[in-house]
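Novice: Next input, structure requested:
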Amino acid sequence: MDAQGRGRAENIDPADQWVLNPNTGEYELRLTPSAPQSPVPGPRQSPNPASRAAGGAPGRSAGAAGRPGGPQAGAGSRSRPAAPGRDTAEHASDAGGDAGVPGPRRRRGGQPEAPQGRRGRRPVKKKSKAKKVLAWTGGTMAVVLIATGAAGYFYLKHLEGNINATDVGDAGSKGFSKDEAFNILIIGTDKRTGKGNEGYGDKGSVGHADTNILLHVSEDRSNATAMSIPRDLVVDIPDCPTKQPDGSTKVIPGTEQERFNTSLGQFGRDAGCTMRTVEAVTGIHVDHFMMADFNAVKELSTAVGGVKVCVEHAVDDKQSKLRLPAGESTVSGEQALAFVRTRHAFGNQGDLDRIKVQQQFLGSLMRQMSSSDTLTNPTKLYKLAEAATSALTVDTAIKKVSTLKDIALELKKVPPKNVTFLTLPVRDNPADGAVRKTVIPDESQAPAVYDAIKNDVSFTEIKKKEKASKDAAAEADAAKLKGTQSKASEVRVRILNGGAAQGSAQKTLEWLQNEQGVLKSENAGNAGTTLSRTTLEYAPDQADQARKLAAIMGLPGSALKPGKSVTNTQGLPAMTLTLGKDYKGAGVSLTAPVKAPEVQGQSTADKVECAK
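Specialist: Residues are numbered from 1 along each chain as shown. Now for the predicted structure:
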């Protein structure tokens, strides 16, 4: 409970009461000493000369911590430990022996108190300003403003009450893991709900997927990739099961050759439908989604005190009402929303140029949120936590503020210079004719981008130490593929399905026998476990066979697991091929790219760029 809730506000901003405890790394509610309160009579007690001699007021023992009628300090009583970061001497009266003012408490294991009348303060060793700043920067943005104790519990529940959640069923993962790479689809909807949003046109919009960014965070947290997906990308939208208000599930039929933005809102589609569409187009599994409306841009930009943007030329867009001088400016609220919505101020006035501007804005917002100016300002952090949670709709698996805090902490580990913004490579849709309205994936470039994200390959240069470690591991895997290879007719292998699509083992067997000449192969059914990646286990004397099968199937060196052989149905030794979740079908190579492709227009979150 804060000071206002106790009737002792004294013009204190609630945000100023949140202080980072460097011992725990969490923000804690610290109430400053209130003004003296009117005395409250305590229960009557028999006179206690010893108590009065020690400076205690009637009805209050010397160890009662200044609480009227508090428990007396007996021989077996324990004084309560002070809150971290406080020195109890700071709350004692400078003049010893004043009636009604308790003396300083004795800490367990500390030195005895000085006798009354000769009481003095020990000098308090203050932290240098630099050390204080270092302590503050251990915090993180938005939802990390979480306190401990009862006050923290109620504030956490308050923040969770701000968040809306959608049950997307099996469209996403069931939970969040700190030890794995993860993909979050960030959706900006054009729904005109909320105060002040009625005048943006298309008031009846059901809320389409107007802005879409697939954020991939690497397993080792050394890098992240934010891939924008154009709203006018023409795709096939799959069938989509959606939860209804009464708890039932309705399957919304898919449609072919539709704009990507209709994967949300149209025909009652929810964010799970957008997640399914992303996976159908890219082959990348989406773990979770976060969706925000117009108010998110206005409120977040205001909460951080404005976002710095840059334009090469002065802007005066009558439609979005964006007016900016050439060079750098700071935008917030309505002006920030106008900056990310304008279509007519930059480039060829199309959606692709607007995406570049939005990426620049998000990069600047990230820098501002993680700056010392924000992290050392309790008021900004308080407002940021409120704005972030109020503006979000998420899947039910990550609705808890504690989970959102974990996600924020994992994101904070990624250096801004290794956060890459790029746009899914596209080309003009030939079906449009002379009037260019939509785009389609560029099949000469897009698959390489998908593969890099799926295989956790960075689009930026990561730290030398981390890169050297990855290179060493890649070299060790590559060494397994070097050497002589058996003939295809000599390869003996049993095939198990350990997480691939149903029927994959049989289809792979038919492909190996009929098209690749691996006749000594057999379908061994389902494996007893589920694997995320395909493996090939073999005995040392089967290394030649393993290398041949890896070459045929496009298996990476990491898939080869030296071990022992098994016995096939003919009683002969054979290798074991277990198809994992990463298996995409017979003939589809599983060799991960070593380096991500260069994508035109890509940028990083640490650089300031001017919109053209």
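Novice: what helix or strand does the most centrally placed residue in the chain sit in?
Specialist: In the chain, the residue lying closest to the centroid (Cα atoms, centre = their mean) is I407, at 3.5 Å. In this assignment (DSSP states H and E), I407 forms part of helix 401-412.
Novice: Tell me which helix or strand comes right after that helix.
Specialist: Next element after helix 401-412 (DSSP H and E): strand 419-423.
Novice: What pairs with that following strand, parallel or antiparallel?
Specialist: Strand 419-423 pairs in its sheet with strand 224-228 (parallel), strand 603-604 (antiparallel), by DSSP bridges.
Novice: what angle sits between the longest one and helix 401-412?
Specialist: To tie it back to what came earlier, the one meant is strand 224-228. Between strand 224-228 and helix 401-412, the angle comes out at 100 degrees (axes from the mean of the first three to the mean of the last three Cα atoms, to 10 degrees).
Novice: Can you spell out which helices and strands pack onto the helix holding I407?
Specialist: In terms of contacts (3 or more Cβ pairs under 8 Å, 6 or more residues apart in numbering; DSSP states H and E), helix 401-412 is packed against helix 149-162, strand 182-189. All C-beta atoms are positioned from the backbone trio N, CA, C, and that covers glycine.
Novice: Only C-alpha atoms, please: export the last one in PDB.
Specialist: What follows is the C-alpha trace of strand 182-189 in PDB, where atoms were taken according to Å, rounded to 0.1, in the frame of the first residue of the first chain:
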ATOM      1  CA  PHE A 182      11.800 -17.500 -29.200                       C
ATOM      2  CA  ASN A 183       9.700 -15.800 -31.900                       C
ATOM      3  CA  ILE A 184       7.100 -13.100 -31.000                       C
ATOM      4  CA  LEU A 185       4.700 -11.600 -33.600                       C
ATOM      5  CA  ILE A 186       4.200  -7.900 -32.800                       C
ATOM      6  CA  ILE A 187       0.900  -6.700 -34.400                       C
ATOM      7  CA  GLY A 188      -0.100  -3.100 -34.800                       C
ATOM      8  CA  THR A 189      -3.900  -3.000 -35.500                       C
END
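Novice: Which one, of the helices and strands packed on helix 401-412, ends up nearest to G305?
Specialist: Within the helices and strands packed on helix 401-412, the stretch nearest G305 is helix 149-162; the backing value is 20.7 Å (Cβ to Cβ).
Novice: So which elements touch the following helix or strand past that closest one?
Specialist: Using DSSP H and E, the helix or strand that follows helix 149-162 towards the C-terminus is strand 164-166. Packing partners of strand 164-166 (3+ Cβ pairs under 8 Å, 6+ apart): strand 393-395.
Novice: Against which helices or strands is the strand it packs on packed?
Specialist: strand 164-166, helix 271-282, strand 288-292.
Novice: what comes up buried for that strand?
Specialist: Neighbour counts over strand 393-395 (16 or more other Cβ atoms under 10 Å) mark T393, V394, D395 as buried.
Novice: Ok, stretch 575-592 next?
Specialist: Neighbour-count burial for stretch 575-592, counted by 16+ other Cβ under 10 Å, picks out 575-580, 582-584, 586, 590-592.
Novice: Now, those that are in strands?
Specialist: Counting by DSSP state E, the part of the buried residues of stretch 575-592 found in strands is M575, T576, L577, T578, L579.
Novice: and which of those is nearest V331?
Specialist: Nearest to V331 among these, counting by Cβ to Cβ, is L579 at 51.2 Å.
Novice: In three-state terms, label the nearest residue to the closest one once chain neighbours are set aside for me.
Specialist: Leaving aside its chain neighbours, L579 sits nearest to A500 (3.9 Å; criterion: Cβ to Cβ, 6 or more residues apart in numbering). Three-state call for A500 (DSSP: H, G, I helix; E, B strand; the rest coil): coil.
Novice: Going forward, count from 48.
Specialist: Noted, 48 is the first residue going forward, which turns the last one into A547.
Novice: neighbours of A547, just the number please.
Specialist: Neighbour count of A547, defined by other Cβ atoms under 10 Å: 23.
Novice: Please apply the same query to the one 3 residues further on.
Specialist: Residue crowding around G550 was assessed by other Cβ under 10 Å; the count is 9.
Novice: Ramachandran angles for it?
Specialist: phi 90, psi 0 (degrees, to the nearest 10).
Novice: just G610 next, same as before
Specialist: Backbone torsions of G610, given as degrees, to the nearest 10, read phi -170, psi -120.
Novice: so it touches L583, yeah?
Specialist: No - using Cβ atoms under 8 Å as the test, G610 is too far from L583 to be in contact (9.8 Å).
Novice: can you list the domain ranges for the chain.
Specialist: 48-80+131-154+172-185, 189-509, 527-626 (automatic domain parsing).
Novice: In TSV: those domains, plus distance to E656 and mean pLDDT.
Specialist: Below are the domains of the chain laid out as TSV (distance: least, Cβ to Cβ, whole Å; pLDDT from 0 to 100):
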stretch	distance to E656	mean pLDDT
domain 48-80+131-154+172-185	25	47
domain 189-509	5	87
domain 527-626	36	95
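Novice: Can you check which of these gets nearest to A521?
Specialist: For those, the distance to A521 is smallest for domain 527-626, at 8.1 Å, taking Cβ to Cβ.
Novice: Can you give the distance from that closest one to the centre of its chain?
Specialist: Averaged C-alpha coordinates place domain 527-626 at 38 Å from its chain's average position (Cα atoms, centre = their mean, to the nearest Å).
Novice: And it, end to end?
Specialist: 19 Å (Cα to Cα, to the nearest Å).
Novice: Could you pull out the helices in the stretch 498-647 of the chain for me?
Specialist: Secondary structure of the stretch 498-647 of the chain (DSSP state H, counting those that start in this stretch): helices at 511-528, 551-562, 590-600.
Novice: Contacts for the second one, please.
Specialist: Put plainly, it is helix 551-562. The contact list for helix 551-562 (Cβ atoms under 8 Å, 6 or more residues apart in numbering) reads 540, 542-544, 565-566, 568-573, 599, 624, 626, 630, 632-634.
Novice: what do you get for the last one?
Specialist: For helix 590-600, the external contacting residues (Cβ under 8 Å, 6+ apart) are 527-535, 537-540, 559, 563, 565, 583, 585, 602-604, 606-607, 609, 622, 624, 636-637.
Novice: Recalculate using a threshold of 7 Å.
Specialist: With contact meaning Cβ atoms under 7 Å, 6 or more residues apart in numbering, helix 590-600 is reached by 528, 530-533, 535, 537-540, 563, 565, 583, 585, 606-607, 622.
Novice: List only buried entries from those.
Specialist: 528, 532-533, 535, 538-540, 563, 565, 583, 585, 606-607, 622.
Novice: want to throw those into JSON lines with distance to S295?
Specialist: As requested, the buried ones among the contacts of helix 590-600 are exported to JSON lines (distance: Cβ to Cβ, whole Å):
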{"residue": "L528", "distance to S295": "52"}
{"residue": "Q532", "distance to S295": "56"}
{"residue": "S533", "distance to S295": "56"}
{"residue": "A535", "distance to S295": "52"}
{"residue": "V538", "distance to S295": "51"}
{"residue": "R539", "distance to S295": "51"}
{"residue": "V540", "distance to S295": "46"}
{"residue": "Q563", "distance to S295": "47"}
{"residue": "V565", "distance to S295": "48"}
{"residue": "L583", "distance to S295": "45"}
{"residue": "Y585", "distance to S295": "50"}
{"residue": "A606", "distance to S295": "43"}
{"residue": "L607", "distance to S295": "48"}
{"residue": "M622", "distance to S295": "48"}
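Novice: among those residues, which are in strands?
Specialist: Reading strands off the buried ones among the contacts of helix 590-600 with DSSP E, I get R539, V540, L583, Y585, L607, M622.
Novice: what's the closest of those to P292?
Specialist: The closest of those, once distances to P292 are taken by Cβ to Cβ, is L583, at 49.0 Å.
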